[in-house]
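Participant: Predicted model and sequence follow; I will ask about them next.
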Amino acid sequence: MLIPSGVVLHLTEESADKQRAVLRNALNLLPEVEPGTPIEVVVQGEAICLALPGQVTAGALTEALDAGIALVVCRNSMRSQNLRDKDLISGAVTVTSAVGHLVARQGQGWAYLRP
Amino acid sequence: MLIPSGVVLHLTEESADKQRAVLRNALNLLPEVEPGTPIEVVVQGEAICLALPGQVTAGALTEALDAGIALVVCRNSMRSQNLRDKDLISGAVTVTSAVGHLVARQGQGWAYLRP
Amino acid sequence: MLIPSGVVLHLTEESADKQRAVLRNALNLLPEVEPGTPIEVVVQGEAICLALPGQVTAGALTEALDAGIALVVCRNSMRSQNLRDKDLISGAVTVTSAVGHLVARQGQGWAYLRP
């Protein structure tokens, strides 16, 4: 049995309920994987609002970030929504392309989830 | 070419039409994989109603179970819906966490589908 | 780090907006993968309308096909919609089963995306 090198959770929906559910999924993964396994929530399209300040999902997001889960934001989606780095919360990290990042992670042996 | 060790189909939706479609996908996989390859439908969140008795999906589920497809139910979801083992149909199996299980299966070389 | 042998994007939705977004995702992948890496949009269920002539998505599809992205259509879905090979646009290719194909591709080391 191989141990996944990490886990990406792919999120594209704008719904706050959906975003909270995916953050909850990420938290629920923590006791299920080897300690130190990186877990990333990768947001794309309408879901990138999760990375903006003042959202109703802020509490759930803070809990996930505090637990070590990474929030990864798609620059392609930012550009089409006229968003810049300074518009994002400080905990977010960006990648050129969400889909490119998700493919690269699978190439690195990460598991892929689309909750 | 590697042969996947098994296949997990990830299902979170409550809709009976969606659940029937995923069960149909699982059945359609049988002639496509090596004989004996395990296939699991992993239900989480609102989809765990599929594992309760008296559902309109019961016929489709029985057909899938009779064909050797496994129904795997998330205990995290059961707890949040106040469901216990005895509430589930007898053919269902449970796991601590659907997402944890889906990650572990990928680590074991299983293919992941999110129909 | 392994390089994925290819990428499959799994699409089941009928919505033209969703279909355009997935074609855009496929195009956005091109600069992110090794040159020559095959990319397939695999359509199933209601999404197979993407492969019919006269759709509002025709322009976006042509752009993707011209860029070398493959459109792969599920024969199980065609049969249930009474569609035959001659009903599809000339650029489409067919497989017996979308889910079977997606599993086989993962077995060949392809990355899986469900945008």
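Facilitator: Nice, I can see it.
Participant: C-alpha from now on. contacts and neighbour counts both.
Facilitator: OK.
Participant: Assign a three-state SS to the residue nearest the centre of chain A, would you?
Facilitator: In chain A, the C-alpha nearest the mean C-alpha coordinate belongs to residue A:41, at 1.7 Å (CA atoms, centre = their mean). Secondary structure for residue A:41, judged by DSSP: H, G, I helix; E, B strand; the rest coil, is strand.
Participant: same check, this time on residue A:94
Facilitator: The three-state label for residue A:94, taken from three-state DSSP, comes out as strand.
Participant: For it, give me its contacts.
Facilitator: Taking CA atoms under 8 Å, 6 or more residues apart in numbering or on different chains, we find residue A:94 in contact with A:72-75.
Participant: Which ones among these lie within strands?
Facilitator: If you go by DSSP state E, those have A:72-74 in strands.
Participant: Can you name the residues of chain A sitting close to chain C?
Facilitator: Taking CA under 8 Å from any CA of the partner chain as the criterion, chain A approaches chain C at residues A:10, A:12, A:97, A:99-100, A:102-104, A:106-109, A:112, A:114.
Participant: and if we set it to 6 Å?
Facilitator: Along chain A, the residues adjacent to chain C under the rule CA under 6 Å from any CA of the partner chain are A:100, A:103, A:107-108.
Participant: Show me where chain A has its helices.
Facilitator: Secondary structure of chain A (DSSP state H): helices at A:16-29, A:58-66, A:75-80, A:98-107.
Participant: how about the ones you listed, which one is nearest residue B:50?
Facilitator: Each of these has some distance to residue B:50 by CA to CA; the shortest is helix A:16-29, at 19.3 Å.
Participant: quick one, the closest one and strand A:39-43 angle?
Facilitator: Note on geometry: by axes from the mean of the first three to the mean of the last three CA atoms, to 10 degrees, helix A:16-29 and strand A:39-43 are set 160 degrees apart in direction.
Participant: which secondary structure elements does helix A:16-29 contact?
Facilitator: Counting contacts by 3 or more CA pairs under 6 Å, 6 or more residues apart in numbering or on different chains; DSSP states H and E, helix A:16-29 packs against no other helix or strand.
Participant: mind listing what's buried in it?
Facilitator: Neighbour-count burial for helix A:16-29, counted by 16 or more other CA atoms under 10 Å in any protein chain shown, picks out A:16, A:19-20, A:22-23, A:25-29.
Participant: before we move on, what about stretch A:39-59?
Facilitator: The neighbour-count check on stretch A:39-59 (16+ other CA under 10 Å) flags A:39-45, A:47-52, A:57-58 as buried.
Participant: Which of the contacts of residue A:94 sits closest to residue B:79?
Facilitator: Distances from the contacts of residue A:94 to residue B:79 were compared by CA to CA; the smallest belongs to residue A:72, at 29.6 Å.
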